[in-house]
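Student: Sequence first, then the predicted structure, then my questions.
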Amino acid sequence: MKFNTKTIHGGQQNIDPAYGSVMPPIYQTSTYSQTTPGGHKGYEYSRSANPTRTALENALASIENGKFGLAFGSGLAAIDAVMKLFKPGDEIISTNDLYGGSYRLFTKIFEGLGLKFHFVGMQDSSKIESLINTNTKLIWVETPTNPMMSIIDIEAVAAVSKKHNLILAVDNTFATPYLQQPLELGADIVMHSATKYLGGHSDVVMGSLVVNDKGLADKLYFIQNAIGAIAGPMDSFLVLRGIKTLHIRMQRHCENGEKIAHFLRSHPKVDKVYWPGFEDHPNHEIAKKQMSGYGGMISFTTKENSLKGAVSVVEKLKVFTLAESLGGVESLAGHPASMTHASIPKEEREKTGVVDSLIRLSVGIEDEEDLISDLKQALA
């Protein structure tokens with residue numbers, strides 16, 4: 001089954017057996033009747049499993065070419081479950097340019113519980129080897145990274161992880177399975193903030209994990225049930241609905257993203273533009289190899305190179321909305337240093353390029369001319 005068909009039918013019963021519903025129903029129930037103690041139809045309590053969530057989890061596994069999908073209450077809840085695979089003294093190597101919430105979870109929660117994190121630029125996978133020791137258990141990758149759009153060679157990192165018998169997890173939120181499928185490239189876990197492109201309409205908060213290994217899946221299912229940070233049935237329905245249009249939305253995100261990236265690069269008031277589709281973007285050839293397109297996420301700085309200048313631009317935007325998050329049908333603009341990455345200390349942010357003048361755009365699916373006109377007036 002091809003990807004575009006998978007988004008609609010992958011992992012799904014075509015027709016609901018009860019009444020012939022084309023879409024999986026919303027099973028808004030906490031519990032299920034039993035004919036005898038322990039005798040049920042596969043569902044006993046909705047923290048453990050819910051038919052609507054099961055339908056979504058099957059769809060998530062299908063579009064990532066995986067075997068097991070899990071849906072959580074948020075992206076951070078999904079990451080939290082991964083971290084709970086480990087014990088005090090274990091070490092994790094992470095991308096140094098990553099979402100601020102991930103950094104906060106790692107450093108403010110799990111470091112206090114005894115895990116040790118190493119943050120390193122992974123554009124050159126050879127830098128990872130020197131950090132590996134007998135306590136190393138996981139490599140955590142974002143690619144493209146948030147917000148600098150750095151590209152990491154998943155196959156190369158997977159080779160390192162396999163050599164040392166480590167788990168490789170990839171945050172695939174920016175690329176989505178439409179553009180990139182990390183399990184096919186050697187990853188063990190794929191994570192999504194399904195709030196973003198998978199949901200696609202800025203109306204739900206959710207996270208997901210997809211794996212192939214049953215032993216790993218069983219451990220994660222146990223953690224999911226024991227901790228209880230699950231996705232509810234209504235949210236599961238919304239993300240399942242979003243996945244059905246993922247392919248056509250991503251086509252437009254990519255088309256608009258390319259036009260906006262080239263517009264910004266040609267603008268006299270813009271300094272640097274970060275978008276992996278440029279031939280001179282670091283690791284562009286890797287992006288070209290492991291992605292089928294370059295997405296709708298772009299970051300840039302203005303030549304004024306100041307906090308005041310960046311804030312002035314984002315406050316003047318009218319079609320782009322100044323807001324947290326990304327991946328919705330509407331275009332959003334953000335200021336990472338004071339919004340999504342404010343939890344990372346300034347000196348650490350700036351080492352990776354997240355300076356006060358950086359603006360991040362999530363390019364939506366509106367008419368490209370309206371988006372360009374909006375940026376023109378804001379930059380004027």
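Tutor: Perfect, I can see it now.
Student: Report pLDDT for N14.
Tutor: The per-residue pLDDT reported for N14 equals 65.
Student: longest helix of the protein?
Tutor: Across the chain, the longest stretch assigned as helix under DSSP state H is helix 246-266.
Student: Could you identify the helix or strand that succeeds it?
Tutor: strand 270-274 (DSSP states H and E).
Student: related to what we said a few turns ago, pull the longest helix of the chain out as CSV, backbone CA atoms only.
Tutor: Taking Å, rounded to 0.1, in the frame of the first residue of the first chain, the C-alpha atoms of helix 246-266 are listed here in CSV:
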residue,chain,number,x,y,z
LEU,A,246,-1.5,14.5,6.0
HIS,A,247,-0.3,13.8,2.5
ILE,A,248,-2.1,16.6,0.7
ARG,A,249,-1.4,19.1,3.5
MET,A,250,2.3,18.3,3.5
GLN,A,251,2.5,18.8,-0.3
ARG,A,252,1.2,22.4,0.2
HIS,A,253,3.4,23.0,3.3
CYS,A,254,6.4,22.0,1.2
GLU,A,255,5.4,24.1,-1.8
ASN,A,256,4.8,27.2,0.3
GLY,A,257,7.9,26.6,2.4
GLU,A,258,10.1,26.6,-0.6
LYS,A,259,8.6,29.9,-1.9
ILE,A,260,8.9,31.6,1.4
ALA,A,261,12.5,30.4,2.0
HIS,A,262,13.6,31.8,-1.4
PHE,A,263,11.7,35.0,-0.8
LEU,A,264,13.4,35.6,2.6
ARG,A,265,16.8,34.8,1.2
SER,A,266,16.4,37.5,-1.5
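Student: which parts of it are buried?
Tutor: With burial defined by 16 or more other Cβ atoms under 10 Å, the residues of helix 246-266 counted as buried are 246-247, 249-250, 252-254, 256-258, 260-261, 263-264. Yep, even glycine has a C-beta here, placed from its N, CA and C like the rest.
Student: would you list the residues you listed in JSON lines and tack on distance to F3 and pLDDT?
Tutor: Putting the buried residues of helix 246-266 into JSON lines (distance: Cβ to Cβ, whole Å; pLDDT from 0 to 100) gives the following:
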{"residue": "L246", "distance to F3": "9", "pLDDT": "98"}
{"residue": "H247", "distance to F3": "6", "pLDDT": "98"}
{"residue": "R249", "distance to F3": "13", "pLDDT": "98"}
{"residue": "M250", "distance to F3": "10", "pLDDT": "98"}
{"residue": "R252", "distance to F3": "16", "pLDDT": "98"}
{"residue": "H253", "distance to F3": "15", "pLDDT": "98"}
{"residue": "C254", "distance to F3": "14", "pLDDT": "98"}
{"residue": "N256", "distance to F3": "20", "pLDDT": "98"}
{"residue": "G257", "distance to F3": "19", "pLDDT": "98"}
{"residue": "E258", "distance to F3": "20", "pLDDT": "98"}
{"residue": "I260", "distance to F3": "25", "pLDDT": "98"}
{"residue": "A261", "distance to F3": "24", "pLDDT": "98"}
{"residue": "F263", "distance to F3": "29", "pLDDT": "98"}
{"residue": "L264", "distance to F3": "29", "pLDDT": "98"}
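Student: Now flag whichever of the residues you listed is closest to V141.
Tutor: M250 (20.6 Å; Cβ to Cβ).
Student: mind listing the strands for the stretch 151-300 of the chain?
Tutor: All strands of the stretch 151-300 of the chain, identified by DSSP state E, counting those that start in this stretch, fall at 167-171, 189-193, 207-211, 270-274, 297-302.
Student: The first one to strand 207-211, inter-axis angle?
Tutor: Meaning strand 167-171. For strand 167-171 against strand 207-211, the angle by axes from the mean of the first three to the mean of the last three Cα atoms, to 10 degrees is 140 degrees.
Student: Quick check: which of the strands of the stretch 151-300 of the chain is nearest to N133?
Tutor: strand 167-171 (15.4 Å).
Student: Output the closest one as CSV, nothing but the C-alphas.
Tutor: Only the C-alpha atoms of strand 167-171 are listed here, as CSV (Å, rounded to 0.1, in the frame of the first residue of the first chain):
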residue,chain,number,x,y,z
ILE,A,167,18.6,2.4,21.4
LEU,A,168,18.1,5.1,18.8
ALA,A,169,15.1,7.4,19.1
VAL,A,170,14.2,10.0,16.5
ASP,A,171,11.9,12.9,17.0
